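In: fold the following.
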Amino acid sequence: MSVRVVVADDQEIVRTGLTMILDAQPGIEVVGSAGDGRRAVELARRLRPDVCLFDIRMPGLDGIEAARLLAGPGVADPLAVVVITTFDLDEYVFAALRAGAVGFLLKDAGPALLAQAVHAAAEGDALIAPSVTARLLKTFAATGPATPPQPVAPLTDREEQVLVTVARGRTNGEIADELHITLSTVKTHIASLMAKLGVRNRVEIALWAYETDRLAHRPGGGPHRPGRKY
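Out: Alright, predicted model coming up:
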């Protein structure tokens, strides 16, 4: 079954280009497109696509606010939103992730990376542009441990192991291989981590791990591999 995508960008030539690129990828189908944020939210709520690919700068409602309405705190059944923009600005990255976006791409991303981000979001993973990932993690490393909310219940040893692997950018399949557990067990642990940490996606799990300095105290907790999926 194809991954169903809604594309939103106020520039028709860009919107058409993204649609053509995605429709040409195996296993991806663009089911709707919009030229402004309000139309994008209406379309996404009606069509319930697997992935929403939204530009940040749009009239009426920008991509970050649209992401917040579809995937932000308090949304009962959030959609997977990937934000794409021309502007490589930290304020956009943090705002998009805080709004619930599970991916952040720059418009100079090639078709392969674009398709990878869409598939990752559809599978519950996330992908952030390589240059942005490197800077994001550098920022966290520079600021040091913060004081994020504590888990509602203690993490088990296995959950701690899964937490670190998610923060290192491992996919579910790679986590299963590394920890010698099944794919379904990985998904169970990740769901448990989201519930205990009060987060909505793998990006927020990874951020929590960095904020609490988890990687510094774990074997293999070295530098993250930029461009990896979360």
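In: now the strands for this structure?
Out: 3-8, 28-34, 51-55, 80-85, 103-106, 127-128 (DSSP state E).
In: for residue 176, see how far away residue 215 is.
Out: With distances taken as C-beta to C-beta, to the nearest Å, residue 215 is found 20 Å from residue 176. All C-beta spots, glycine's among them, are computed from the backbone N, C-alpha and C.
In: and those two? Which one has more around it.
Out: residue 215 (21 against 18; other C-beta atoms under 10 Å).
In: quick one: least confident helix or strand in the chain?
Out: helix 130-143 (a mean of 60; mean pLDDT, DSSP states H and E).
In: hmm, back to that, tell me which of the strands of the chain sits nearest to residue 180.
Out: With C-beta to C-beta, the closest approach to residue 180 among those belongs to strand 127-128: 25.6 Å.
In: other SSEs contacting that closest one?
Out: strand 103-106, helix 111-122 (3 or more C-beta pairs under 8 Å, 6 or more residues apart in numbering; DSSP states H and E).
In: cutoff 6 Å now
Out: When contacts are defined as 3 or more C-beta pairs under 6 Å, 6 or more residues apart in numbering; DSSP states H and E, strand 127-128 sits against helix 111-122.
In: the helix it packs on vs strand 51-55, what angle?
Out: Angle, helix 111-122 to strand 51-55, by axes from the mean of the first three to the mean of the last three C-alpha atoms, to 10 degrees: 130 degrees.
In: next, the angle strand 80-85 makes with helix 111-122.
Out: 150 degrees.
In: what is helix 111-122 packed up against?
Out: Checking 3+ C-beta pairs under 6 Å, 6+ apart, helix 111-122 ends up next to strand 51-55, strand 80-85, strand 103-106, strand 127-128.
In: mind listing what's buried in it?
Out: 113, 114, 115, 116, 117, 118, 119, 120, 121, 122 (16 or more other C-beta atoms under 10 Å).
In: got TSV for the helices and strands packed on helix 111-122, with mean pLDDT and distance to residue 19 too?
Out: Shown next, in TSV, are the helices and strands packed on helix 111-122 (pLDDT from 0 to 100; distance: least, C-beta to C-beta, whole Å):
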stretch	mean pLDDT	distance to residue 19
strand 51-55	95	9
strand 80-85	90	13
strand 103-106	84	15
strand 127-128	72	19
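In: a markdown table for those strands, including distance to residue 196?
Out: Shown next, in a markdown table, are these (distance: least, C-beta to C-beta, whole Å):
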| stretch | distance to residue 196 |
| --- | --- |
| strand 51-55 | 26 |
| strand 80-85 | 22 |
| strand 103-106 | 24 |
| strand 127-128 | 23 |
